[in-house]
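> sharing a model prediction with you, sequence too.
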Amino acid sequence: MAPETTAKLDRERVRTLIEREAARLDERTQGSAKMYERARKSLSGGVASSYQARDPWPIYLTRGEGPVVYDVDGNRMWDFHNGFGSMVQGHAHPAIVRAVRDRVAEGTHFAATTEDGVLVAEELQRRWGLERWRFLNSGSEATMDAIRIARGLTGRETIVKIFGSYHGHHDAVMVSIGVEYDRIGDRENYASLPYGGGIPKAVSDLTVPVPFNDAGAMERRIERLEKEDRKPACVIMEAAMMNLGVVLPEEGYLQEVREITARHGIVLIFDEVKTGLAIAAGGATERFGVRPDMVTLAKTLGGGLPAAAVGGTEEVMRVVEDGTVYQVGTYNGNPLAMAAARASLSEVMTPEAYRHMDALNDRIVAGCEAVIERYGLSGYAVGIGAKGCVTFSPTKVVDYETFKANQDVEVTELAWLFNMNRGIFMTPGREEEWTLSVSHTDEAIDAYVQVFDEMAAELTA
């Protein structure tokens, strides 16, 4: 947590440092500037996804090797971004490269199940303890299908989500995510607010947000919905929030949620797109010891190829097997993705790999905490498995409200620029969230901490 005595930052100095670092990054990325001018003529905004955009131009990469990436300007950077948290295997891992190369020679797509798909499903079944699985191609598809399955099972339309959580880009969950603090409203009765344009109000009104780490507020909202004849089909949530930096569940919270949903006959979905295979072999389900009715996976599953999965109990997934719910997709279980996933699960994401990442995370958290203490910064470090962050807040962030009320936006922006200019590739727009990989070493961790120390020294000089 934040040190007892914190340094009072000179806000003008913070802004001056931001301007300096932004100018320096522009100078270092002129190749990206030229690529942007070319790309924007064919790609909308010059990028393949809005989350890749950046002003004045995005950073374009060329290749990755283990824990490092290179941009079009030739800048070599330790990769703590890791494809928005996907690449816990590291880049171009030999086992995955070999599996995909072998598979390509045997055919890349059939729209039919291959043995690799069966093997992956068996391994996911073992790790999560959920009996039935289906494959998809992205996290958005996974959460979309999980919600549809829950609706098909229960015959209900309303869903409950955590205010501030991101669950993909389909309409049902693009609700109450990035909202200004003064629009959050009463935590007992949060509003269903569309995230961006193009989302019908009739759809967003079916999604009811509740606060994280407050099981009582969740149950009270569910009870009011039941009185309104709007009993939810499901609660979809991250067991640990991963888009406000990293916000861990308070002691006993997930167990309470499990009891509440079971008591009210509501399907509990753990969205493990970000935590699955990243914080433990069996994701948050294993790490926190609470089994939901359904799990969604993506990101790390495919070892760098598009792959996702929905897992559920036999009771829940029966509506897929009996044809009540159509769970379909031409590329579901694509042979290349399944070959990569099989190699990742069997040869890369081993018990030793998780011990390695846990040790690295302990090292980076301890290093960052030492910097915070040494310079009296207002903030704290938190990590779990491959994930972690420095949160620039004077108080512990436990939900969206405390995040929006207390985060230091300017220091967060400066930290991203500072890292990028010193060979640390970071996820943009986050509370300094990092993703480690099995290929990271103590050298990479120490480089990260050294850059953080350098920034802290300049901030408090």
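It's in. Residues are numbered from 1 along each chain as shown.
> tell me the spacing between Met455 and Ala340.
Per CB to CB, to the nearest Å, Met455 is found 36 Å from Ala340. In short, each C-beta sits where N, CA and C put it, glycine included.
> cool, and Lys404?
Taking CB to CB, one finds Lys404 at 38 Å from Ala340.
> does Gly83 count as helix, strand or coil?
helix (DSSP: H, G, I helix; E, B strand; the rest coil).
> in this structure it contacts Gly302, no?
No. At 10.4 Å, Gly83 does not count as touching Gly302 under the criterion of CB atoms under 8 Å.
> who's more crowded, those two?
A count of neighbours by other CB atoms under 10 Å puts Gly302 above the other of Gly83 and Gly302, at 27 against 18.
> do you know how far the more buried one is from Leu17?
39 Å.
> which outside residues touch stretch 355-364?
Contacts of stretch 355-364 with the rest of the structure, by CB atoms under 8 Å, 6 or more residues apart in numbering, involve 88, 381, 383-388, 434, 436-438, 440-442, 445, 448-449.
> I'd like the average pLDDT over that stretch.
Per-residue pLDDT over stretch 355-364 has a mean of 98.
> residues touching Ile18, list them.
Taking CB under 8 Å, 6+ apart, one finds Glu410, Glu413, Leu414, Leu417 in contact with Ile18.
> in which helix or strand would I find it?
In this assignment (DSSP states H and E), Ile18 forms part of helix 11-28.
> quick revisit: so for Met455 and Ala340, which residue has more residues nearby?
Ala340 (29 against 22).
> and the helix or strand containing the more buried one, how far from the chain's centre?
Using DSSP H and E, Ala340 falls within helix 335-343. Put simply, helix 335-343 sits 21 Å off its chain's centre (CA atoms, centre = their mean, to the nearest Å).
> okay, Met426 and Trp128: tell me how far apart.
Taking CB to CB as the measure, Met426 falls 30 Å from Trp128.
> with Ala447 instead?
Ala447 sits 35 Å away from Trp128, going by CB to CB.
> of those two, who's got more company?
Per other CB under 10 Å, whichever of Ala447 and Trp128 has more neighbours is Trp128, with 25 against 18.
> pretty sure that one sits against Gly283.
Yes. Counting by CB under 8 Å, Trp128 does reach Gly283; the two are 7.1 Å apart.
> mind listing the shared neighbours of those two?
Common neighbours of Trp128 and Gly283 (criterion: CB under 8 Å, 6+ apart): Val295.
> could you pull out the strands for the stretch 201-350 of the chain?
With DSSP state E, counting those that start in this stretch, the ranges of strands along the stretch 201-350 of the chain come out as 207-210, 234-237, 267-271, 294-297, 308-312.
> pull the distance from the first one to the chain's centre.
The one in question is strand 207-210. With CA atoms, centre = their mean, you get 19 Å for strand 207-210.
> again, but for the third one
Here the centre of strand 267-271 is set off from its chain's centre by 16 Å, with CA atoms, centre = their mean.
> quick check, central residue of this structure?
Residue closest to the average C-alpha location in the chain (CA atoms, centre = their mean): Lys274, at 3.7 Å.
> tell me who's in contact with it.
Gly85, Glu238, Met242, Asn243, Lys299, Lys387.
> try Asp446
Contacts of Asp446 by CB under 8 Å, 6+ apart are Gly367.
> hmm, back to that, buried among the contacts of Ile18? Make that a ChimeraX selection.
Applying 16 or more other CB atoms under 10 Å to those leaves a buried subset, and the ChimeraX line that selects it is:
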select :413,414,417
